[in-house]
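[1] A structural model of the following input is requested.
(chains A, B and C)
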Amino acid sequence: MSAQLLDIISSAAIFYIVAAGLLIVFGVMKIINFAHGGFLTIGGYAALVTTELGLNPWLALPLAALTGLVIGALVEHFVVRPLYARPLDAILATWGLGIVIGQLITIAFGREVQFVQSPVKGTTSLLGEDYSLYRLLLVIGALVLAAGLAAILQGTRLGLMTRAVIMNESLARGLGINSGLVRFASFSVGSALASLAGALITPLSSVDPNMGVPWLVNAFMLVLVSGTSLVSLAIATVVLGGAQVLISAFWSPILGSLTIVVLAAVILRIRPQGFARE
Amino acid sequence: MNRVLLSASPQLRKILGLALLALLAVGVAPFLLDIYTVNILVRSLLYACVALTVDILWGYTGILTFGQSAFFGIGAYACGLAFSHLGLSPTVAILAFVGGLAVAAATAALVGWLAFGYGVSPIYVSVVTLVLPIVVTQILFSGGTFTGSSSGLSGFDTVDLDLETWFWIAGGALVILTTAAWIFVRSDAGRLLVAIRENEQRCEYLGINTSLLKTMILVAAALVAAAAGYAYAAYTDVIAPELAGFVFGTELVIWVALGGRGTLIGPVVGAIVIDLVSAYLSGSLPFVWKLVIGLAFVLVIVVLPQGFVPLLRKGWRRLSRSAPPAEPISALRPAPGASRRHSTAGTSLALQHVSRHYGSLKVLAGIDLSVRPGELLSLVGPNGAGKTTLIRCIADGHERSGGRVLVQGNDIGRRSPQRCVAFGIGRKFQTANVFETLTVAECLRLARHRLERPSWWARGSTLSVPEAALNVISATGLDRELGAAVTHLSHGMKQALELAMVLALEPSVLLLDEPTAGLTKPERALIGGILTTLAREHALSILLVEHDLDFVREISSRVVVLHQGRIVLDGTVAEVVDSALVRTIYAGEEHAVTGAAR
Amino acid sequence: MDKQHVAWSGIISLGAALMIGGSAFAADPIKIGIPVGLSGANSVVAPSVVQSAQLAADEINAKGGILGRQVELEVADDGSGAAGAQKAFDSLIFQKKANALITMETSAARNAGLPIVARGKVPFIYTSFYEGRSCSPYLYVDAWVPDQQVAPIVDYFMQKKGAKTFFLVGSDYAFGRGMLDFTRQYIQKKGGKILGEEYAPMDATDWTAIISKIRAANPDALVTSTAGGAPNVTLTKQLRAAGIKALYGNLAVDEGTAKGMGTDAEGIYISASYLTSIDSPKNKEFLAAMKKKFGAELKTPNDLSVPEYEGVYLYKAAVEKAKSTDTAAVIKALAEVSFEGPRGVIQMSKQRHAPLTMYLGQVQGDGSVKVLESFKDVDPGNQCPNLK
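    I've put the predicted structure just below:
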């Protein structure tokens, strides 16, 4: 039972890390960035490059975040800005972008599946179980991330401006807040987070040009169910991610992978705000 | 059949002629092209059938769907599973076909129930259509050796037809489907799709059951996709989970976007061309080609939302210098029986203790109101008093938090707007809420939808509207603009059109939200005259929200004053206008009120 | 002088004419189609397969080709799956007009391609180990089937390591299920107990749920049969990360993938028909030639790629025996010809399959494989009793 508990916590942590960036973009810009999967992939390949260059695997994280930041900034400026008024088209355009990113990566790195070195190997004993040390570190990573985001949003000026724009953009602009800057910053940071997440998850599995796609759909559903609140996201990842782990463990792993997606769709139908408070 | 063809408009005859030409091309093609191309084309043609359904759903009805692949996969697996496990025989083939279509239809109905419920956002719809192929794929994976899981099933005994016959089947089906879709989309009923895409709210308030319609379209699309999938499996002799996957589902959207959404021909051509070229290039330039498609897609979405085919069409038109086909202009005639007086007995509208609150914020509280036929009641009050909210609570059963609303004695309960319209509510919005890209005649015909079902394939040349609406139309000059696109009308004309549309519903209770906003003085006088006539001669109950107190004084038979969510005064014009209470509420408008008292 | 001139001109002209005429025939190459998983699960091993084919083609062409015709390779990506295989097979058979298909691919791809092969009527030499019992008039297999491969591992676990309980994990498709089906029956026949049998889709990367079950069941030995390539790596990585200590027999990993796994692969037991450490002159010659041709780009030759090399040579032998590329003749000849390659003498003489020498090995920390036992000329059993 404690193995399941650790599985739930670590899976929730991983989902949180993957979905946080998407949520920030959704909250500020009210569009779903379907290129999120592409940014995950970029992060994964940044980790690959780190491995191939023989550098310390921990360096993959800042490298991935930086790459995501830069590319995200470019994407915001050229692709996302014209589509602010057309959210459905924004989904499509960013999806197309995800394809473009995937193809560019394929051209650069080849389409085969590759592997990166894990920065940390082995197991550690917790709650009477031998559990993967890396997965436990990811839990700590998710907590650090949550704390960091909360600190920025609650404690800094940019965070305050961001929260204002999330709540009511036209009012914020009326008060003189440069919402264009906030959107630019949010998208870039969201993309950086996505790439960071990509670099963090690859040691658990593998790297290939399409690795981001399965994560994208789950992250997307988690974000829709969480509205614009990072706290709701944390709740959603534990509840839905937990349900996924339990169903996979006790019933069928294949149907288990559907859990988040199906539960989220049903929850949204019953309560369109999902886990958000209002 | 002869009568149909003879009475068919020139447009229809042209379409049928083109269809015949296309069928001929399909018949001849297998002998002119090489085997490999024909091979690929059979698949591309079947894909194009599915792309067509995506265009109907997305391009015309505004439902962005990634899920048509799921239905394609269901059809394919019905075929493959039946042949693999039950063997090949005509009975099995027919049962599998029917079974596959039935499962697809049931799934579509379920999706429709889930996605098209009241108050669901368009993003949620796309979400559900995205989730669908994922769910179907995973179910296929979990099928173990029955469905072949990851590898699928192949090599089963299948219908043995030669390549040419398959080509004719696929090509023929595509031509027939495209023609049928074309005819439908240009028919009066087809305009419903555009109306829903444009302004679903207005459709609901015209009594059109948009949820049901969308679900029906989805089911029809699912049937077509499943049939295409069935043929695909029978032809290729392979079924695999990728057929139902969301990668294929998104590819369909890409083809439709690049070909030109909402053009029918565009997506068909787009699907065929892109699939064909992909097959040829997949050996030599696989990555670059996909990159090009991806870039083109992003470009099209951002810069050219209409896709490439309309561009070509514009160019062709410029070349051939022919005028675009003229809109068949409808003639108007009065609807029979619609000018009867409504009964003057009883209460047409009753509100009992209606309240509306958002959390702890109370917008309306304890509203008790009765309106009789023939009353012209003005609802006044300062901004934020809750006037528009009250209108909403009357027209939409979901809106209020408590209390009862009875229209013609019927409790509207929690019914959605279109059901309230059936009881006799007609709501005109504050800003002209019409269908911008349609013509005046089409808007009016849509307004008659509840009472006169439009044809599914033809365009009517006459339109019957009630006398009240006719008065508005002729008085404002709309009868000379029947063929004009609404977006070209002036603001005043749009307001008049919306009023005419609402009157075409033959309501017994008319709700008007600031009908004079933005109108010139003569226009206001016109509207005032029309409303008075409606109340007096047609025994309509009219409830209007107004800020122009002069207008209120001129036409109302009764005035209700709303303040901070409560009715503070309810009486004749004289009683209300003179009252001190109103003066204090409208502090700053004293001179307008006292002027009348003198 | 004149007569000599004329004579020489005549001879030269005749020679030129013959050469031109001859080269017009000789220029018509023999196309070998290779639909292989350049993307998807097999993408980890596909490059090694293509390299083997390239070496074989180069060597054959250097010696004058097959019946004087040069060998040309046409490679197409089958996406490691059914849908991709359809496109690849269609393209190779109908567009590129391949004379034969010689390749390694997943069972999903192979099953989807067979109907197309039957329609196109070309010989198909399948060079991948697989779950057995795939039969088609056009199909030959020069790699192992479970009847040859499973026994060494299971017997070793039960007899030498005293294992009594087993847990089976596989990719959910024809190969995974077929292999584990055979394994389960073999284990039960030998008196062992199966504690669990779990499958994940071919492209799955997250084995967490299955690993939880393994941990709970606590078997003596774990036997896995995933798709070749990526799933092996992710499963092994996650198994090691979870600290599973059971004996680990992997029915589907090749040496190259094992090397790529690094230290995670240490201790894995494999049963293969080819190991780079095979001590024979042919193998050494082969390895030297591969190193020379590909240098730093060389992907470790392995049990999925070496049969490709031998497959090309077997095709050459069959065409030469049949004296043409005519499908019916070649198919008849393929059962009769043999070739001595890095794995020894290969002849696909037993119902379209080949008796093979099998090696039981254990992966070492440095990626090499230590041979524990070897079995000569293991019979493939009755794979296609209806095909003669």
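[2] next one: phi and psi at residue C:345?
    Torsion angles at residue C:345 (phi, psi; degrees, to the nearest 10) stand at phi -80, psi 120.
[3] I figured it was touching residue C:339, is that so?
    Yes - using CB atoms under 8 Å, residue C:345 is in contact with residue C:339, at 7.4 Å. For glycine as for every other residue, the C-beta is placed from the backbone atoms N, C-alpha and C.
[4] Compare these two and say which one has the larger neighbour count.
    residue C:339 (22 against 15; other CB atoms under 10 Å in any protein chain shown).
[5] Now for the closest residue to that one other than its chain neighbours, which secondary structure element holds it?
    The shortest distance from residue C:339 to any residue other than its chain neighbours is 4.5 Å, reached at residue C:313 (CB to CB, 6 or more residues apart in numbering or on different chains). Remark: residue C:313 resides in helix C:306-322, with elements defined by DSSP states H and E.
[6] Any figure for the gap between the nearest residue to residue B:200 once chain neighbours are set aside and residue B:513?
    Nearest non-adjacent residue to residue B:200, counting by CB to CB, 6+ apart: residue B:210, 5.4 Å away. Going from residue B:210 to residue B:513 by CB to CB, to the nearest Å gives 21 Å.
[7] how about the residues of chain A near chain B?
    Of all the residues in chain A, those in contact range of chain B (CB under 8 Å from any CB of the partner chain) are A:32, A:79, A:82-83, A:86-89, A:91-93, A:95-97, A:99-100, A:102-104, A:106-107, A:111, A:213, A:217, A:220-221, A:224, A:252, A:254-255, A:257-258, A:261-262, A:265, A:268-269, A:272, A:278.
[8] restrict these to those near chain C?
    Contacts with chain C within the residues of chain A next to chain B, as defined by CB under 8 Å from any CB: A:111, A:254, A:257.
[9] Just the ones in helices from those, please.
    Assignment to helices by DSSP state H places the following of these there: residue A:254.
[10] What is the nearest of the ones next to chain C among the residues of chain A next to chain B to chain C?
    Nearest to chain C among these: residue A:111, at 4.2 Å, using CB to the nearest CB.
[11] Next, the buried residues of whatever helix or strand residue B:474 lives in.
    Under the criterion DSSP H and E, the helix or strand holding residue B:474 is helix B:467-476. For helix B:467-476, burial by neighbour count (16 or more other CB atoms under 10 Å in any protein chain shown) applies to B:467, B:468, B:469, B:470, B:471, B:472, B:473, B:476.
[12] May I have it as PDB, with CA atoms only?
    Taking Å, rounded to 0.1, in the frame of the first residue of the first chain, the C-alpha atoms of helix B:467-476 are listed here in PDB:
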ATOM      1  CA  GLU B 467     -48.500  40.800 -40.200                       C
ATOM      2  CA  ALA B 468     -46.800  42.400 -37.300                       C
ATOM      3  CA  ALA B 469     -43.400  41.600 -38.700                       C
ATOM      4  CA  LEU B 470     -44.500  42.700 -42.200                       C
ATOM      5  CA  ASN B 471     -45.400  46.100 -40.800                       C
ATOM      6  CA  VAL B 472     -42.000  46.500 -39.300                       C
ATOM      7  CA  ILE B 473     -40.300  45.300 -42.500                       C
ATOM      8  CA  SER B 474     -42.200  47.600 -44.800                       C
ATOM      9  CA  ALA B 475     -42.200  50.500 -42.500                       C
ATOM     10  CA  THR B 476     -38.400  50.500 -42.200                       C
END
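[13] pLDDT weak spots in the stretch 401-550 of chain B?
    The stretch 401-550 of chain B contains no residues with pLDDT under 70.
[14] ok and the residue in it nearest chain C?
    With CB to the nearest CB as the measure, the residue in the stretch 401-550 of chain B that lies nearest chain C is residue B:456; the distance is 36.7 Å.
[15] Give me the number of neighbouring residues for that residue.
    Around residue B:456 there are 12 residues (other CB under 10 Å).
[16] what about the helix holding residue B:474, distance to the chain center?
    The chain centre lies 26 Å from the centre of helix B:467-476; the measure is CA atoms, centre = their mean, to the nearest Å.
[17] now swap in stretch B:15-22 and tell me
    Using CA atoms, centre = their mean, we find the averaged C-alpha position of stretch B:15-22 to lie 28 Å away from the chain's own average C-alpha position.
[18] who's in contact with the residue nearest to residue C:339?
    By CB atoms under 8 Å, 6 or more residues apart in numbering or on different chains, the contact set of residue C:313 is C:56, C:60, C:339, C:341.
[19] Can you tell me which of these end up in strands?
    C:339, C:341 (DSSP state E).
[20] what's the single longest strand in chain C?
    For chain C, the strand that runs over the most residues, judged by DSSP E, is strand C:369-378.
[21] For stretch A:228-238, output the C-alpha coordinates as PDB.
    Taking C-alpha atoms only, stretch A:228-238 is exported to PDB below (Å, rounded to 0.1, in the frame of the first residue of the first chain):
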ATOM      1  CA  THR A 228      -6.600  29.500 -13.200                       C
ATOM      2  CA  SER A 229      -5.500  28.500  -9.800                       C
ATOM      3  CA  LEU A 230      -2.200  26.700  -9.100                       C
ATOM      4  CA  VAL A 231      -3.700  25.400  -5.900                       C
ATOM      5  CA  SER A 232      -6.500  23.800  -7.800                       C
ATOM      6  CA  LEU A 233      -3.900  22.300 -10.000                       C
ATOM      7  CA  ALA A 234      -2.100  20.700  -7.100                       C
ATOM      8  CA  ILE A 235      -5.400  19.300  -5.900                       C
ATOM      9  CA  ALA A 236      -6.300  18.100  -9.400                       C
ATOM     10  CA  THR A 237      -2.900  16.300  -9.900                       C
ATOM     11  CA  VAL A 238      -3.300  14.500  -6.600                       C
END
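[22] I'd like to know the average pLDDT value across that stretch.
    Mean pLDDT, taken over the full extent of stretch A:228-238, equals 89.
[23] Only whichever of the residues of chain A next to chain B are buried, select them in ChimeraX.
    To isolate in ChimeraX the members of the residues of chain A next to chain B that are buried, counting by 16+ other CB under 10 Å, one can use:
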select /A:32,79,83,87,88,89,91,92,93,95,96,97,99,100,102,103,104,106,111,213,217,220,221,224,252,254,255,257,258,261,262,265,268
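[24] State the helix or strand in which residue C:196 lies.
    Taking DSSP H and E as the definition, residue C:196 sits inside strand C:193-200.
[25] buried set for that strand?
    By neighbour count, and taking 16+ other CB under 10 Å as the criterion, the buried residues in strand C:193-200 are C:194, C:195, C:196, C:197, C:198, C:199, C:200.
[26] who touches the fifth one in this structure?
    Looking back up the chat, that one is residue C:198. For residue C:198, the set of contacting residues under the criterion of CB under 8 Å, 6+ apart consists of A:253, C:167, C:168, C:169, C:170, C:210, C:213.
[27] With the third one instead?
    Residue C:196 makes contacts with C:167, C:168, C:213, C:214, C:217, C:219, as judged by CB under 8 Å, 6+ apart.
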